[in-house]
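Enquirer: just the structure for this:
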Amino acid sequence: MHETVTAPVSPPADADPPLPLQDARARRPWWRRNAGRMVQCALVLAVLAALPLYADELPDLGAVWSAVSHADPGWLTMVVLAVAGSMGAFARLQRRLLRVGGLRMPLRRAFAITYAGNALSTTLPAGPAVSVVYTFRQFRRGGASARLATAVILAGGVITTTAYSLVGLLALLADPHARGPALTALAVPLVLAVLLVPVLRRPGPRALVAAPLRRGYRFALAHPGIAPYAERLAGIRDVLRPTRRDWAALASLALLNWLFDILALLSAAHAVGIDVPPNGVALAYFAAQAAGSVLPLLPGGLGAIEGSMAASLVAFGATLSPAAAAVGVYRLVSYWAVVAVGWLAWATLHEHARLGARIRSSLTSAGNLLMDGMTAFAFVAPYGAVPLQPQAKHPNP
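Expert: Just a heads-up that it's a prediction; the model follows:
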């Protein structure tokens, strides 16, 4: 998955935001409504204006183009397949969670929601929050209850973030230079866990630790603004009850989501002739993700991710121009192509009322054909049978 890892955003309330709130937002001055876009544009212009100051440190464009034009077709194909596999893994993870909650969703629709949500998240101001609201509404339109849609979004975020942390930790442990600091950092929480587990088995200390949590939960239930979200969080266990087989599938899909994305970067490096070890590519990938999180106002981490990723590859032995070529190939597929597919999926799902019937029909046909193709590319493990419970249908919001 190609969204920058952030803290989970709470889904919206059971009903859609009331129209008066939307009207109030529309009545704001145009500069307040578009403040986020203006900041993004200013940052992009500032980066472009600063490029001449660092011309001597930038890669040679002729050498970059030469590396890209002579890239190996087989590895380039692998880049496309790996990116499709990464997106497909996340789509299947959310679909699996919906099925655990008793709702069947067609794979094509799950793919369309995933691509559209990613496009919103990586291109709009406050994109992650917009993406969460959009995904919530699409799940509701697909027949999910508000509690199920909330549970799937929150559980999916927790599972993928945990897998992200695990893959990053394994990449650190695989690198001989980073292994020592990583083990030192892990030693403290491991020692605390070893010391606390026997203590917490006793009723007294366990009650002492749980008391603040209970007080916080009671306070949340008493607060009129927080109570609906607290009740939904508490009800996740009632909505989603995965079996061991479900947990195995969910964990596998979450790991594949990140491993396929790292494989895409590794394939791009091999395509232009860079011989960097897999753990080096993984560390370059996570360094770029961290750089994108530090500068969240940049759409999709543009500039920060590319610069950090190329610098990391150079640190692991690549020369600058081939490193820039590898990053360019990777981002062309994993960001620009995925965003283009995502906005087409959004147009297909949204069916905007201002579009004419012929344009809507063309978008729907193109989007369905594209989703069928992306579904065929996503060769991750299929689902096993999941017992379904009756699920009430909800009208479209």
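Enquirer: only C-alpha atoms from now on, for both contacts and neighbour counts.
Expert: Noted.
Enquirer: tell me the spacing between residue 272 and residue 309.
Expert: Separation of residue 272 from residue 309 (CA to CA, to the nearest Å): 15 Å.
Enquirer: tell me which helix or strand the residue nearest to residue 144 when sequence neighbours are not counted sits in.
Expert: Leaving out its chain neighbours, the residue that sits closest to residue 144 by CA to CA, 6 or more residues apart in numbering is residue 103, at 6.7 Å. Following DSSP states H and E, there is no helix or strand that holds residue 103.
Enquirer: count the neighbours of residue 103 for me.
Expert: 22 (other CA atoms under 10 Å).
Enquirer: for it, phi and psi?
Expert: Backbone torsions of residue 103, given as degrees, to the nearest 10, read phi -120, psi 130.
Enquirer: same check on the one 4 residues further on?
Expert: With angles defined as degrees, to the nearest 10, residue 107 sits at phi -60, psi -40.
Enquirer: ditto for residue 141
Expert: Dihedral angles for residue 141 - degrees, to the nearest 10 - are phi -70, psi -30.
Enquirer: and it, how many neighbours?
Expert: 15.
Enquirer: and it, how far is that from residue 109?
Expert: With CA to CA as the criterion, residue 141 and residue 109 are 11 Å apart.
Enquirer: pLDDT below threshold where in the stretch 251-397 of the chain?
Expert: Applying pLDDT under 70 to the stretch 251-397 of the chain flags residues 294-300, 351-397.
Enquirer: again, only this time at 80
Expert: Scanning the stretch 251-397 of the chain for pLDDT under 80 picks out the ranges 291-304, 350-397.
Enquirer: quick one: the strands in it?
Expert: Ranges of strands in the stretch 251-397 of the chain, per DSSP state E, counting those that start in this stretch: none exist.
Enquirer: okay, now the unreliable bits of the stretch 51-200 of the chain?
Expert: Scanning the stretch 51-200 of the chain residue by residue, the ranges that satisfy pLDDT under 80 are 51-63, 125-126, 177-200.
Enquirer: tell me which stretches of it form helices.
Expert: 61-69, 73-100, 107-123, 127-141, 146-174, 176-200 (DSSP state H, counting those that start in this stretch).
Enquirer: tell me which of those lies nearest to residue 279.
Expert: helix 146-174 (5.4 Å; CA to CA).
Enquirer: and the angle from the closest one to helix 127-141?
Expert: 130 degrees (axes from the mean of the first three to the mean of the last three CA atoms, to 10 degrees).
Enquirer: what's helix 146-174 packed up against?
Expert: Secondary-structure packing of helix 146-174 (3 or more CA pairs under 8 Å, 6 or more residues apart in numbering; DSSP states H and E): helix 73-100, helix 127-141, helix 176-200, helix 227-234, helix 236-239, helix 244-271, helix 278-294.
Enquirer: which of these sits closest to residue 66?
Expert: helix 244-271 (12.2 Å).
Enquirer: residues of that closest one that come out buried?
Expert: Residues 246, 249-271 are the ones in helix 244-271 that count as buried (16 or more other CA atoms under 10 Å).
Enquirer: over to stretch 283-294?
Expert: Quick answer for stretch 283-294 (16+ other CA under 10 Å): 283-293.
Enquirer: equivalent analysis for stretch 152-160, please.
Expert: Buried, per 16+ other CA under 10 Å, within stretch 152-160: 152-157, 159-160.
Enquirer: how about residues contacting that stretch?
Expert: 8, 10-11, 93-94, 97-98, 132, 135-136, 250-251, 254-255, 257 (CA atoms under 8 Å, 6 or more residues apart in numbering).
Enquirer: do that again at 6 Å, thanks
Expert: With contacts defined as CA atoms under 6 Å, 6 or more residues apart in numbering, stretch 152-160 is touched by 97, 254.
Enquirer: reformat the buried residues of stretch 152-160 as TSV; add distance to residue 70.
Expert: As requested, the buried residues of stretch 152-160 are exported to TSV (distance: CA to CA, whole Å):
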residue	distance to residue 70
152	44
153	42
154	44
155	43
156	40
157	39
159	39
160	36
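Enquirer: what is the nearest of these to residue 80?
Expert: Closest to residue 80, out of all of the buried residues of stretch 152-160 and judged by CA to CA, is residue 160, at 21.4 Å.
Enquirer: that closest one and residue 101: what is the separation?
Expert: Taken as CA to CA, the span from residue 160 to residue 101 is 18 Å.
Enquirer: now do the helices in the stretch 251-397 of the chain.
Expert: Counting by DSSP H, counting those that start in this stretch, the helices of the stretch 251-397 of the chain are 278-294, 304-315, 320-331, 338-350, 357-377.
Enquirer: deepest of those, which one?
Expert: With neighbours defined as mean count of other CA atoms under 10 Å, these peak in mean count at helix 320-331, which reaches a mean of 24.
Enquirer: tilt between that helix and helix 73-100?
Expert: Using the same axes, to 10 degrees: helix 320-331 against helix 73-100 is 40 degrees.
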